[in-house]
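Asks: got a sequence here, can you model it:
(2 chains)
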Amino acid sequence: MSATLPPPRLLPSGDSAITVEFSRNIDDAANQRVLALDRTIAREPIAGVTETVPTYRSLLVHYDPVQIGFDALSEQLAALAQLPVPPVTTTRRWRIPVVYGGEHGIDLEDVARTLNTTPDDIVARHVAGDYRVAMIGFTPGWSYLSGLEKSLHMSRRKNPRLLTPAGTISIGGVQTGVQCLAGPSGWHLLGRTPVRTYQLHRDPTFLLEPGDAVTFAAIDAKTFADQDRAAEAGEIVAELIAA
Amino acid sequence: MTKLVISTIGPASSVQDGGRHGAQRYGLTPSGAMDRLALAAANVLVGNAPLAAAIEIGPFGASFTARDGAVRVALAGASRNADISGRAAAFNTSMTIADGETLTLGFARVGSFSYLAIEGGISGEPMFGSLAVNARAGLGSPYPRPLQAGDELPTAAASGAAERRIDLPAVTDAPIRVVLGPQDDEFDDVQKQLFLDSEWKISATSDRMGYRLEGPVIRHLHGHNIVSDGTVNGSIQVPGNGAPIVLMPDRGTSGGYPKIATVISADLGRFAQTPAGKGFRFKSVGMAEAQAEFRKSAEFLRTLPDRLRPIENFDLNIEALQDANVAGAAVSAVDAATWSP
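Replies: Presented below is the predicted three-dimensional model:
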């Protein structure tokens, strides 16, 4: 049986990019279609398409209007978006170490209080999750993960923090995230990872790809400090448990 | 090795080029020159590729000294007073700074960003194919940060080629053209019309990430949160306070506010040069017009070298100098006191 997929909306983002929008909401099925279209274009490049940027519910397609116009590209993208979504055959799975709570995760106790439970229970629920990189954006290596357990969904902070540490692991809305560089964030800080999802002069510079599977493993502060030093020196530290 | 040494420099000045492309999917923003046409004009004057790395100079003054050889340079973009060790120096003209001489620039008079291209380019280590500074990501070469006094930019010794000027069309004051979308349906017709019919000013708290606009409050139809999606240079986001922000080359690669419209590529450089506090308007155009303008400016960039002219005698040089200066006197200066990096 082949169900007809709803067509995406093709929205102009200026004169040299098209947003192919599969859903207005965070939606796993839409994200699968985004990643499938992204892979299709990577496999069979369209002349004039210069770069694609997958996000939760849309694929941003940058192109050169000297080589292809809006109408012609829209038509091609619309057709490709209706192809059946192929099953993902090569999912990489990463295990990412996290030190939870205390100075490393200053919101863990608040989150536990808000949800009427203990910090240990929050950590257990977060570690039990099976996540997928839905998109990477905002700043280099900032990875948005889908798959957060429903009981951990909570709205973002009313007052975003202007500076949160590099490596922060946090939750916000229906998402959890791995933040690479220090920067502003309105999410709830649960812990920190020594893993650098972006590191210059390391191969690979960017560790995670949209579509990768991710699980977390709790570590203690001493292990964090050791692994942080190793990561600073260029070690990957995250464990690739399936490729 | 011959080098250009930064003697003095204000904030918001950095090495920039055509930008860094292909890694937006990892959250890496493209960066690159705020005004690509001005970058290209300066580069072409000294025989460089149009989008080679050059020095993007913010609204404040700066000075540069040639060391270990003569350095051939060209200035384009926001005009300002310029002299080489006391001799007047013109915009849109190549010129040579002798070993030990200093090129001194005043505040920008029209626009915000000037480009100083150096013959032979700037020697550095490209990252993702670009020397452009992106301080947040620790990228850019020779320095992964804005320029500071004392910095040294290694370059080639001046070739001794004949100096040239370039014929550029006058910059217009026409409205900044936009294509509506991708989220214009998050605003009703009244709000869209308000956006298009109002006079706007660029806030002093603008930078290479985004230009904040001052004007009427634009209200959303369904609230200001959307699921984050991709951004482009020129995306016009409307956050919760209703004050639009135009995203510039150091933008975040994704954003969670509805984007009412997008500045067309052909007008982005001109928009970037709009000084803080100066009134301007937007104008909505269709996709066909926006893409025709894109192709026209690509062709303009490609044929820039055809606009080079020899400097045959002293009179011509003076004429070029006056062109630059007269244009500079026509409009008010950037208010340096209220511009923050």
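Asks: and the residue of the stretch 101-250 of chain B closest to chain A?
Replies: Here the stretch 101-250 of chain B gets closest to chain A at one residue, residue B:230, 2.9 Å apart by Cβ to the nearest Cβ. Yep, even glycine has a C-beta here, placed from its N, CA and C like the rest.
Asks: give me the three-state assignment for the most centrally placed residue in chain A.
Replies: Residue closest to the mean C-alpha point of chain A, counted by Cα atoms, centre = their mean, is residue A:144 at 2.7 Å. Local secondary structure at residue A:144 is given as strand here, using DSSP: H, G, I helix; E, B strand; the rest coil.
Asks: which secondary structure elements does the biggest strand by length in chain A contact?
Replies: Ranked by residue count, the top strand of chain A under DSSP state E comes out as strand A:93-100. The contact analysis (3 or more Cβ pairs under 8 Å, 6 or more residues apart in numbering or on different chains; DSSP states H and E) places strand A:93-100 against helix A:119-128, strand A:168-172, strand A:188-192, strand A:213-218, helix A:221-232, strand A:239-242.
Asks: tell me the mean pLDDT over it?
Replies: Strand A:93-100 carries an average pLDDT of 97.
Asks: what is the orientation angle of that strand with helix A:221-232?
Replies: Computed by axes from the mean of the first three to the mean of the last three Cα atoms, to 10 degrees, the angle separating strand A:93-100 from helix A:221-232 equals 130 degrees.
Asks: now the helices for chain B?
Replies: With helices called from DSSP state H, chain B shows them at B:36-45, B:189-197, B:265-272, B:287-302, B:314-330.
Asks: deepest of these, which one?
Replies: helix B:36-45 (a mean of 27; mean count of other Cβ atoms under 10 Å in any protein chain shown).
Asks: quick one: list the elements packing against that one.
Replies: Partner elements for helix B:36-45 (3+ Cβ pairs under 8 Å, 6+ apart): strand B:54-57, strand B:71-79, strand B:110-118, strand B:164-166, helix B:265-272, helix B:287-302.
Asks: same thing but 7 Å
Replies: strand B:54-57, strand B:71-79, strand B:110-118, strand B:164-166, helix B:265-272 (3 or more Cβ pairs under 7 Å, 6 or more residues apart in numbering or on different chains; DSSP states H and E).
Asks: switch the ones you listed over to TSV; also include mean pLDDT.
Replies: TSV is the format used below for those (pLDDT from 0 to 100):
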stretch	mean pLDDT
strand B:54-57	98
strand B:71-79	97
strand B:110-118	95
strand B:164-166	96
helix B:265-272	98
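Asks: about what we covered before: quick one: which of the helices and strands packed on strand A:93-100 is nearest chain B?
Replies: strand A:168-172 (10.4 Å).
Asks: using CSV, lay out the helices and strands packed on strand A:93-100 together with mean neighbour count, mean pLDDT and distance to chain B.
Replies: Formatted as CSV, these follow (neighbours: other Cβ atoms under 10 Å in any protein chain shown; pLDDT from 0 to 100; distance: least, Cβ to the nearest Cβ, whole Å):
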stretch, mean neighbour count, mean pLDDT, distance to chain B
helix A:119-128, 16, 98, 21
strand A:168-172, 24, 96, 10
strand A:188-192, 25, 97, 17
strand A:213-218, 18, 97, 15
helix A:221-232, 15, 98, 13
strand A:239-242, 12, 90, 18
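Asks: for the lowest-mean-pLDDT helix or strand in chain A, buried residues please.
Replies: In chain A, no helix or strand scores lower on mean pLDDT, DSSP states H and E than strand A:183-185, which sits at a mean of 86. Neighbour-count burial for strand A:183-185, counted by 16 or more other Cβ atoms under 10 Å in any protein chain shown, picks out A:183, A:185.
Asks: do any residues in the lengthiest helix in chain A lie close to chain B?
Replies: Using DSSP H to define each element, chain A has its longest helix at helix A:28-43. No. Remark: helix A:28-43 sits outside contact range of chain B, by Cβ under 7 Å from any Cβ of the partner chain, the gap being at least 8.0 Å.
Asks: what's the next secondary structure element after that helix?
Replies: strand A:49-54 (DSSP states H and E).
Asks: ok, then the element right after that following strand?
Replies: strand A:58-63.
Asks: CA atoms only for the helix or strand following the longest strand of chain A, dumped as CSV, please.
Replies: Sequence-wise, the next helix or strand downstream of strand A:93-100 (DSSP H and E) is helix A:108-114. Extracted in CSV, the C-alpha atoms of helix A:108-114 (Å, rounded to 0.1, in the frame of the first residue of the first chain):
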residue,chain,number,x,y,z
LEU,A,108,18.7,20.0,37.0
GLU,A,109,17.2,20.5,40.5
ASP,A,110,14.7,23.1,39.3
VAL,A,111,13.6,20.8,36.6
ALA,A,112,13.1,18.0,39.1
ARG,A,113,11.2,20.3,41.4
THR,A,114,8.9,21.5,38.5
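Asks: how far away from the center of its chain is helix A:108-114?
Replies: Chain-centre distance of helix A:108-114: 24 Å, with Cα atoms, centre = their mean, to the nearest Å.
Asks: do stretch B:10-27 as well
Replies: Chain-centre distance of stretch B:10-27: 12 Å, with Cα atoms, centre = their mean.
Asks: kindly check the end-to-end length of that stretch for me.
Replies: Chord length of stretch B:10-27, first to last residue, is 29 Å (Cα to Cα, to the nearest Å).
Asks: same check on stretch B:275-288?
Replies: End-to-end distance for stretch B:275-288, by Cα to Cα: 29 Å.
Asks: tell me the contacts of the residue of chain A most remote from its centre?
Replies: Each residue of chain A has a distance to the centre, and by Cα atoms, centre = their mean the biggest one is for residue A:66: 32.3 Å. Residue A:66 makes contacts with B:295, B:298, as judged by Cβ atoms under 7 Å, 6 or more residues apart in numbering or on different chains.
Asks: I'd guess it is in a strand, am I close?
Replies: No. Secondary structure of residue A:66 (three-state DSSP): coil, not part of a strand.
Asks: got the buried residues for stretch B:42-57?
Replies: Neighbour-count burial for stretch B:42-57 [16+ other Cβ under 10 Å]: B:42-48, B:50-57.
Asks: swap that for stretch B:219-226, sorry
Replies: B:220, B:224, B:226.
Asks: list the contacts of that stretch.
Replies: Outside stretch B:219-226, the residues touching it (Cβ under 7 Å, 6+ apart) are B:183, B:186, B:187, B:188, B:191, B:238, B:239, B:240, B:242, B:256, B:257, B:258.
Asks: so what's the last one up against?
Replies: When you say that, I think you mean residue B:258. Taking Cβ under 7 Å, 6+ apart as the test, what residue B:258 contacts is B:183, B:186, B:220, B:224, B:226, B:238.
Asks: please determine how far it is located from residue B:229.
Replies: 10 Å (Cβ to Cβ, to the nearest Å).
Asks: with the first one instead?
Replies: Distance, residue B:183 to residue B:229, by Cβ to Cβ: 9 Å.
Asks: neighbour-wise, which of the two wins?
Replies: With neighbours defined as other Cβ atoms under 10 Å in any protein chain shown, residue B:183 and residue B:229 compare such that residue B:229 has more, 29 against 25.
Asks: if I read this right, the more buried one contacts residue A:55, doesn't it?
Replies: Yes. In terms of Cβ atoms under 7 Å, residue B:229 counts as a neighbour of residue A:55; the distance is 4.6 Å.
Asks: residues shared between the contacts of the two?
Replies: Contact criterion Cβ under 7 Å, 6+ apart; residues shared by residue B:229 and residue A:55: residue B:254.
Asks: helices and strands of chain B: which one bottoms out on pLDDT?
Replies: Lowest mean confidence among the helices and strands of chain B (mean pLDDT, DSSP H and E): helix B:314-330, at a mean of 43.
Asks: one step back: let me know the angle separating the longest helix of chain A from strand A:49-54.
Replies: 160 degrees.
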